[in-house]
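Undergrad: I'd like to go over a predicted model; first the sequence, then the structure.
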Amino acid sequence: MAQFQNERMSACYNAVGSMSRALERTRDYLRERHAFGKPLIDRQYIQFRLAELSAELDLLRHYNYACVEAYMRGEDTTRFATIAKLKAGRLVRDVADTCIQFHGGIGYMEETWTARYFRDSRLMSIGGGADEVMLFVLSRLDGFTR
């Protein structure tokens with residue numbers, strides 16, 4: 001079980017990096033892509049959606065920092081790693097879905113990075129323990145079972 005915690009922590013660190021890059025690439029695309037006479041990035045909904053995802057990503061990034069600090073102190077990081085993996089798996093799917101949506105039809109084409117990212121984002125909630133396993137572990141840690 002201890003090995004699972006390390007795998008889960010590593011997956012969460014990788015997820016933060018991939019989500020950061022996906023949001024950057026989408027932002028850059030939206031600055032170049034024009035619709036109805038102006039760049040898509042000028043649309044308030046798009047700005048707010050990207051800002052919201054960026055804020056959630058920042059929370060996860062700092063949660064990951066706290067997790068690794070606890071690990072370096074020799075503490076049990078089961079709860080940290082489990083929560084981080086659960087939240088990262090859900091956030092990466094949300095980021096991938098938003099990126100593909102904002103790229104429009106071109107983003108859905110198999111040759112694009114967005115289509116691959118969208119497909120691959122699903123692995124975060126499967127590998128190293130499915131979301132349901134994370135919830136089971138948390139329910140046991142928190143005493144929500146008999």
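TA: Looks like it arrived, so ask away.
Undergrad: remind me which residues of the chain are low pLDDT?
TA: Applying pLDDT under 70 to the chain flags residues 1-2.
Undergrad: Do a quick rundown of the strands in it.
TA: 34-35, 38-39 (DSSP state E).
Undergrad: closest to residue 3 out of the ones you listed?
TA: strand 38-39 (46.8 Å; CB to CB). In short, each C-beta sits where N, CA and C put it, glycine included.
Undergrad: can you tell me which residues contact the spatially most central residue of the chain?
TA: The residue lying closest to the centre of the chain (CA atoms, centre = their mean) is residue 92, at 2.7 Å. Contacts here follow CB atoms under 8 Å, 6 or more residues apart in numbering; on that basis residue 92 touches 15, 18, 19, 121, 124.
Undergrad: how about the strands of the chain in CSV, adding distance to residue 67?
TA: Compiled in CSV, those are given as follows (distance: least, CB to CB, whole Å):
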stretch, distance to residue 67
strand 34-35, 41
strand 38-39, 38
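Undergrad: Using CSV, please lay out these together with mean neighbour count.
TA: Listed next are the strands of the chain as CSV, based on neighbours: other CB atoms under 10 Å:
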stretch, mean neighbour count
strand 34-35, 12
strand 38-39, 12
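Undergrad: coming back round to it: with respect to residue 36, which of the contacts of residue 92 is nearest?
TA: residue 19 (28.6 Å).
Undergrad: That closest one - how many residues pack around it?
TA: By other CB atoms under 10 Å, the residues close to residue 19 number 26.
Undergrad: Can you give me the distance of the residue lying closest to it once chain neighbours are set aside to residue 6?
TA: Computed as CB to CB, 6 or more residues apart in numbering, the closest residue to residue 19 that is not its neighbour in sequence is residue 95, at 4.7 Å. Distance, residue 95 to residue 6, using CB to CB, to the nearest Å: 24 Å.
Undergrad: So those two - more neighbours on which side?
TA: The residue with more neighbours, out of residue 95 and residue 6, is residue 95; 25 against 13, by other CB under 10 Å.
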